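1. I'd like to go over a predicted model; first the sequence, then the structure.
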Amino acid sequence: MKACRFRSVVLLLTAVLLLTTCACAAPAAPQRPPLKVAYVLWPGYYPLLIAQEKGFFAEEGVEVEVILATASAQARADMCAGVLDGLTYTLAGIVGAAGECDARVIFATDESSGADAVVASAAIQSVQDLRRQRVGVGFGGYGEIILNAMLESAGMTSDDVVVVDVTGEAVPQAIQDGTIAAGVTWEPYVSQTVNAGGNIIFSTEQTPGLIPDVMAFHASTLRDRPDDVRAFVRAWFRAVDYWLANREEGYALLTEILQTSPEAVSLEGMRLLSLEDNRRMYTVGTTSESLYYTTQLYVDFYTASGAIGTSVDIDALLEPSFLE
């Protein structure tokens, strides 16, 4: 009888101990949602895909939801609204939305190095030949900055040519039709014009740093999840280093992911930017090799054209701390 009573007491005490242990155990920490980062189809943005596919994000301790944006303007609006945490985009596009978007540029992804150009008909051999000729460019975009840089390099201004509104995609046909003598466009339309007998008379190879693409994050994400963003940055630049050291392997990986041709993922005509490149760019300077200088060019351009009506705090827009 005593033994049975003793066993009952032991069982009772064990049950109480288990209940007490469960009640006192700390609740599990809530799992952080993945960073939502969108990209558009452009090779300079594909380290995002490599980092995901190679497991670099997981190894650095952050979960990332990679989203293909089919409409870049909508993706920018979603990032500005906080629906997306981050977005790969043109510097021009981020500056153009600065007055209504609390975004920060945490690094530059790539810069155009020949992929954007001014192409012309066979009769035009130099910039000087464009005097009093019709030159096409998409109004309100970064193409106007390329056009201004070209004219300035030849000691000319927009008053020396007839500037007309022509989108980059329409430039090859407009030159062939004789509607314009030259126009600002990008690959593959540059090669298309050259293959049809035209000339490249100016390209971004002559203006390093003038046309960069960037990674922008919503300011609230940087404030609330700085460690996750730092992990994201580490994984991104691991992917950049991997691709630059293994070009063909990177091309093969991306063509499989995107189900596209090797030409569509080529880095030809652009420069993929490393961590060290970014650290140099995030210094104040007086040439387009400084991201501060280039951003000021865009601010001045958009302010003069009326695209932005408020002042832009460049020191707030460019956030270099995540490069440390």
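-> Good, I have the coordinates.
2. in the stretch 101-250 of the chain, which spans are helices?
-> 143-153, 171-177, 189-195, 219-224, 226-245, 247-258 (DSSP state H, counting those that start in this stretch).
3. turn these into TSV, including mean neighbour count, distance to R104 and mean pLDDT.
-> (Each C-beta comes from the backbone N, C-alpha and C, glycine too.) Shown next, in TSV, are these (neighbours: other CB atoms under 10 Å; distance: least, CB to CB, whole Å; pLDDT from 0 to 100):
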stretch	mean neighbour count	distance to R104	mean pLDDT
helix 143-153	19	22	93
helix 171-177	20	34	97
helix 189-195	18	32	92
helix 219-224	16	5	97
helix 226-245	20	10	98
helix 247-258	15	27	96
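4. among these, which is nearest W42?
-> With CB to CB as the measure, helix 247-258 is the member of the helices of the stretch 101-250 of the chain nearest W42 (11.4 Å).
5. before we move on, the earlier item: which among the helices of the stretch 101-250 of the chain is found nearest to A81?
-> helix 219-224 (10.8 Å).
6. now for that closest one, which elements pack on it?
-> Of the remaining helices and strands, those touching helix 219-224 by 3 or more CB pairs under 8 Å, 6 or more residues apart in numbering; DSSP states H and E are strand 103-112.
7. to D110, which of the helices of the stretch 101-250 of the chain lies closest?
-> Per CB to CB, nearest to D110 of the helices of the stretch 101-250 of the chain: helix 226-245, 9.3 Å.
8. could I have that closest one exported to PDB, CA atoms only?
-> Output of helix 226-245 as PDB, limited to C-alpha atoms (Å, rounded to 0.1, in the frame of the first residue of the first chain):
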ATOM      1  CA  PRO A 226      19.600  46.200 -40.800                       C
ATOM      2  CA  ASP A 227      21.200  42.800 -40.100                       C
ATOM      3  CA  ASP A 228      19.100  41.100 -42.800                       C
ATOM      4  CA  VAL A 229      20.100  43.800 -45.300                       C
ATOM      5  CA  ARG A 230      23.700  43.400 -44.400                       C
ATOM      6  CA  ALA A 231      23.400  39.600 -45.000                       C
ATOM      7  CA  PHE A 232      21.700  40.400 -48.300                       C
ATOM      8  CA  VAL A 233      24.600  42.700 -49.300                       C
ATOM      9  CA  ARG A 234      27.200  40.000 -48.400                       C
ATOM     10  CA  ALA A 235      25.400  37.400 -50.500                       C
ATOM     11  CA  TRP A 236      25.000  39.800 -53.400                       C
ATOM     12  CA  PHE A 237      28.700  40.500 -53.600                       C
ATOM     13  CA  ARG A 238      29.600  36.900 -53.200                       C
ATOM     14  CA  ALA A 239      27.500  36.300 -56.300                       C
ATOM     15  CA  VAL A 240      29.200  39.100 -58.200                       C
ATOM     16  CA  ASP A 241      32.700  37.700 -57.300                       C
ATOM     17  CA  TYR A 242      31.500  34.200 -58.400                       C
ATOM     18  CA  TRP A 243      30.200  35.400 -61.700                       C
ATOM     19  CA  LEU A 244      33.200  37.600 -62.500                       C
ATOM     20  CA  ALA A 245      35.500  34.600 -61.700                       C
END
